[in-house]
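[1] would you be able to build a 3D model of this:
(2 chains)
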Amino acid sequence: MPIEIPKDKWPGAVRTVTLGATPGEGGTRKSTVTVGGETTLPFMQFEAPTPNKPVVAIEIKDHKPEDWSPLLAKIWGDAMSNPADWSIAAEKAGAEIIVLALSVNDEAGNQTTPEKAVTSVLSVLKACGLPLIVFGPGQVDLDNELLVPISEATKGERIVLGICEDKNYRTIVATAMANDHLVTARTPMDVNLSKQLNILITDMGIPANRVLMDPTTGALGYGIEYGYSVMERLRLAALQGDAMTQLPMIVTPGFEAWKTKEAKVGEGVPASWGDWEERSINWETITAISLVQTGADIVVLRHPESVRRVKTAINDLMMA
Amino acid sequence: MALSGIQIYKLLPKTNCKECGFPTCLAFAMKLAAKQVELSACPYVSEESKAELAESSAPPIRLVSIKAGGMEVKAGNETVMFRHEKTFFNMPGLFLRVKSSMVVEAIQDVVSKADAYRVNYVGMDLIVDGFAVEADDEGRFTEALKAVRSATKRPLILIGKESAIKAGMEILNGENPLLYAANGSNWEAMAEIANKYSTSLVVTGENFDDLEELTGKLKAKGCEDIVLDLGSGRLGGNLSKSTQLRRLVLKKNQRSLGFPTITFANGVNGQDAIEAAQAIGKYSGFIVLDRFAPELFYPLLVLRQNIYTDPQKPIQVQPGVYEINSPDQDSPVLVTTNFSITYFSVANEVEGSGMPVWLLVTDAEGMSVLTAWAAGKFDSERIAKSVKEFGIADKITKKRLVLPGHVAVLSGEVEEELPGWEIRVGPREAVDIPSFLKQVL
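    The predicted structure follows:
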């Protein structure tokens, strides 16, 4: 008797979320990106097709960051000096989405002003036709001070505004609702905290197809297994029908991997760590692809070669 | 599949003799089902029942091990689909493949390098588990094998036609490598070699039906230690197949396929790292790579360690005061948590800085700084308590306490808890500790 392949049937599905809006849809993007919609565990295509493949975003900053690995400074070169050039370079490097992460201070060391932040965002929107995600600097007051005018200046673009956290989500969600944008909600590696924040955010009335969740991850060697298992559990819960976990997942393996010593430092490290650049790329790539296999819908990366490898791998994962 | 207590009860004598230490046979059956007692505690169970119970209690995925030179690589005995359901038990072996067509010196060179490789991760030395030797040029296989054996004592996988493997086994004095591979046409000859030398054997087939047929034939010949090769295709197909196999074995009790698997990761342009990473996360037992490079093996060895960490037991270090670079009465006290990754990141940086430091490791139930802080396991009370508990004040005159940058918000409260101490806020990331120690303190 031939062996019957066991197939899982799930009652739930991940919601479909579209980033960006074309001129016909009220924005100026050349193309949009749709993620989510899964009805099976990642890439189980013998059960059902994966409706939207996971995508790769590249993180850029509003000006050249001081604390990034010299390897990244070298590879991006002059493009880092302004966000418009950087976004063009990122698109050339294969980005499907641009993540613009705003800094606390400008290049002169003064706090980033709302005017300056809006200018940065508009310059990226003008230079690059990809959907955009904008992260505030990560300080409650400053985030709100910058994100609200950005949201207003870009009404209708379906930008993702972030990052909503339990201590600061109301202002961001409200401005996203008022200006036809999306939000992303981050919680620290915990299934219940994720659900709780998703409930709080959707309770404000934002349509659920405008919310992404970021369960947070650790880099390879620095706690990846925690984020990994939380993401597997969130996706299982989503498929089992738990509505507050049925959001597409975005994670930032680039940020996590490039703050590890393995990626950041090239001198005074053990010889057994091997070639610096190749090690760093492996660190970022392995972190990213492990999380894609747990259900990540968007991975935010930093190095162009990691982007190439992860995209190749995702295309390969889409093949039976 | 494991039997329920009631199913086990039916196989017991049902005399309630109490000699097993339990009041009734049913109570004993329940304990057996929960794997809390051994069947041998029942003196009257029939041979027939014993056999049936042994069969049902055998692990769903057979444990296969390759031993050599005092080292052992084990795969199998897994019980769950996801690590959070319990844990993954036996980490897949990472092997480096060399081919007999290579010149002998090149083989010796790369094998020696990989054999000598050792990388420290959170206090553990991680190494390459063994080597696969392929007879792509059959005439030079025994020579290649001798070259490998002159450079390493580690476990081996032999890859080739039955004639090559036969010749290879003759020079491997009584060793039990893993043999690759039996297929529909050569399985009898391969079974013979495997039986003669008591080795484990890989089977290959186009699909699960082929594999089932072959494992059945091999078992009938007495081969028990089998490893499956599901074939390598695209990453998507490989993920589906390995998931299907694990489901068939764990959920459908498909005994004919209850064996660990082998994966070849040989993609170009860095894809081999990704293929191996997939195999580590998704169920492989033995992983064979085609090139040795520290920057490739280090991240893979770390990933394997991470994925196979027991989720119930975060790796912890003992709370207490750690002396780094011989601190004295003027050295600062740095505070961190007892999560091993946190501890080793901090300790390595402090050590590398050459600056003398008292490192105070607080019991945060094995969580990292941010996680512990969010969970209320790393607050001013706990920090103050460990300062007092470990008597650090007696060792110093200049009372300076440095908090991790991530918990800068605690500095006010810690100041209140510890009068007379100067509370400083350090960097958020361990990598920035050396410059902090040199410039700020």
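[2] residue ranges of the helices in the stretch 51-200 of chain A, please?
    A:70-76, A:83-92, A:114-127, A:140-153, A:170-178, A:191-203 (DSSP state H, counting those that start in this stretch).
[3] so residue B:197 versus residue B:169, what's the distance?
    Taking Cβ to Cβ, to the nearest Å as the criterion, residue B:197 is separated from residue B:169 by 5 Å. Placement of C-beta: from N, CA and C, glycine included.
[4] who's more crowded, those two?
    With neighbours defined as other Cβ atoms under 10 Å in any protein chain shown, residue B:197 and residue B:169 compare such that residue B:169 has more, 21 against 17.
[5] quick revisit: between residue B:197 and residue B:169, which contacts overlap?
    With contacts defined as Cβ atoms under 8 Å, 6 or more residues apart in numbering or on different chains, the residues shared by residue B:197 and residue B:169 are residue B:175.
[6] what residues are up against residue 65?
    Picking chain A for this. For residue A:65, the contact set (Cβ under 8 Å, 6+ apart) comprises A:80, A:103.
[7] if you could check chain B rather than the one you did, that'd help
    B:72-75, B:200.
[8] picking that back up, okay, the helices of the stretch 51-200 of chain A in TSV with distance to residue B:47, mean neighbour count and mean pLDDT next?
    What follows is the helices of the stretch 51-200 of chain A, written out as TSV (distance: least, Cβ to Cβ, whole Å; neighbours: other Cβ atoms under 10 Å in any protein chain shown; pLDDT from 0 to 100):
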stretch	distance to residue B:47	mean neighbour count	mean pLDDT
helix A:70-76	67	16	97
helix A:83-92	71	21	98
helix A:114-127	77	18	98
helix A:140-153	72	19	97
helix A:170-178	69	19	98
helix A:191-203	49	18	96
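[9] so which of these comes closest to chain B?
    Proximity to chain B (Cβ to the nearest Cβ) singles out helix A:191-203 among those, at 8.3 Å.
[10] by contact count, what packs against the closest one?
    If contacts are counted by 3 or more Cβ pairs under 8 Å, 6 or more residues apart in numbering or on different chains; DSSP states H and E, helix A:191-203 sits against strand A:182-186, strand A:211-214, helix A:224-240.
[11] among these, which comes closest to residue B:142?
    helix A:224-240 (42.9 Å; Cβ to Cβ).
[12] next SSE downstream of the closest one?
    In the C-terminal direction, the helix or strand that comes right after helix A:224-240 (DSSP states H and E) is strand A:249-251.
[13] show me what that next one is packed against.
    strand A:211-214, helix A:224-240, strand A:296-301.
[14] close to chain B, is the first one?
    Spelled out, that is strand A:211-214. No. In terms of Cβ under 8 Å from any Cβ of the partner chain, no part of strand A:211-214 sits within range of chain B; the closest distance is 14.7 Å.
[15] redo the helices and strands packed on helix A:191-203 as a markdown table? Include mean neighbour count.
    Output for those, formatted as a markdown table (neighbours: other Cβ atoms under 10 Å in any protein chain shown):
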| stretch | mean neighbour count |
| --- | --- |
| strand A:182-186 | 25 |
| strand A:211-214 | 24 |
| helix A:224-240 | 23 |
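[16] mean pLDDT and distance to residue A:118 added to those, as a markdown table?
    What follows is the helices and strands packed on helix A:191-203, written out as a markdown table (pLDDT from 0 to 100; distance: least, Cβ to Cβ, whole Å):
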| stretch | mean pLDDT | distance to residue A:118 |
| --- | --- | --- |
| strand A:182-186 | 97 | 18 |
| strand A:211-214 | 98 | 23 |
| helix A:224-240 | 97 | 33 |
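[17] a markdown table for those, including distance to residue B:249?
    Shown next, in a markdown table, are the helices and strands packed on helix A:191-203 (distance: least, Cβ to Cβ, whole Å):
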| stretch | distance to residue B:249 |
| --- | --- |
| strand A:182-186 | 37 |
| strand A:211-214 | 33 |
| helix A:224-240 | 19 |
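[18] Throw the helices and strands packed on strand A:249-251 into TSV and include distance to residue A:254, thanks.
    Supplementary listing: these in TSV, determined by distance: least, Cβ to Cβ, whole Å:
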stretch	distance to residue A:254
strand A:211-214	13
helix A:224-240	14
strand A:296-301	4
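[19] out of the contacts of residue B:65, which is most surrounded?
    Using other Cβ under 10 Å as the neighbour test, these are led by residue B:75, with 28 neighbours.
[20] from chain A, how far off is it?
    Distance of residue B:75 to chain A, given as Cβ to the nearest Cβ, to the nearest Å: 19 Å.
[21] spell out which parts of the stretch 1-150 of chain A neighbour chain B.
    Within the stretch 1-150 of chain A, the positions near chain B by Cβ under 8 Å from any Cβ are A:2-6, A:41-46.
[22] again, only using 6 Å
    Remark: the part of the stretch 1-150 of chain A in contact with chain B comprises A:2-3, A:5-6, A:43, A:46, using Cβ under 6 Å from any Cβ of the partner chain.
[23] got it, and the stretch 201-320 of chain A?
    Proximity of the stretch 201-320 of chain A to chain B, by Cβ under 6 Å from any Cβ, involves residues A:220-222, A:224-225, A:229, A:232-233, A:259, A:261, A:264, A:272-275, A:278-279, A:282-283, A:286, A:289-290, A:293, A:309, A:313, A:316-320.
[24] PyMOL command to pick out the buried ones of those residues?
    A single PyMOL command is used to select the members of these judged buried by 16 or more other Cβ atoms under 10 Å in any protein chain shown:
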select buried, chain A and resi 220+221+222+224+225+229+232+233+259+261+264+272+273+274+278+279+282+283+286+289+290+293+309+313+316+317+318
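[25] so which of the residues of the stretch 201-320 of chain A next to chain B belong to helices?
    Counted as lying in helices by DSSP state H, out of those, are A:224-225, A:229, A:232-233, A:261, A:264, A:278-279, A:282-283, A:286, A:289-290, A:309, A:313, A:316-317.
[26] that older thread, among the helices and strands packed on helix A:191-203, which is nearest residue A:122?
    The minimum distance between residue A:122 and the helices and strands packed on helix A:191-203 falls on strand A:182-186, with 18.2 Å, by Cβ to Cβ.
[27] does chain B sit close to that closest one?
    No. Shown here: strand A:182-186 not in contact with chain B (Cβ under 6 Å from any Cβ), separated by at least 12.3 Å.
[28] residue contacts, residue B:215?
    When the contact criterion is Cβ atoms under 6 Å, 6 or more residues apart in numbering or on different chains, the partners of residue B:215 are B:226, B:256.
[29] send over the one helix or strand it maps to as CSV, restricted to the C-alpha atoms.
    Assigned by DSSP H and E, residue B:215 belongs to helix B:208-220. As requested, the backbone C-alpha atoms of helix B:208-220 are provided in CSV (Å, rounded to 0.1, in the frame of the first residue of the first chain):
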residue,chain,number,x,y,z
PHE,B,208,8.9,7.2,0.7
ASP,B,209,7.5,4.1,-0.9
ASP,B,210,11.0,3.2,-2.4
LEU,B,211,12.6,3.9,1.0
GLU,B,212,10.0,1.8,2.9
GLU,B,213,10.6,-1.2,0.5
LEU,B,214,14.4,-0.9,0.9
THR,B,215,14.4,-0.6,4.7
GLY,B,216,12.1,-3.6,4.9
LYS,B,217,14.5,-5.7,2.8
LEU,B,218,17.5,-4.5,4.8
LYS,B,219,15.8,-5.3,8.1
ALA,B,220,15.0,-8.8,6.8
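[30] give the buried residues for that helix.
    Residues of helix B:208-220 classed as buried: B:208, B:211-212, B:214-215, B:217-218 (neighbour count, 16+ other Cβ under 10 Å).
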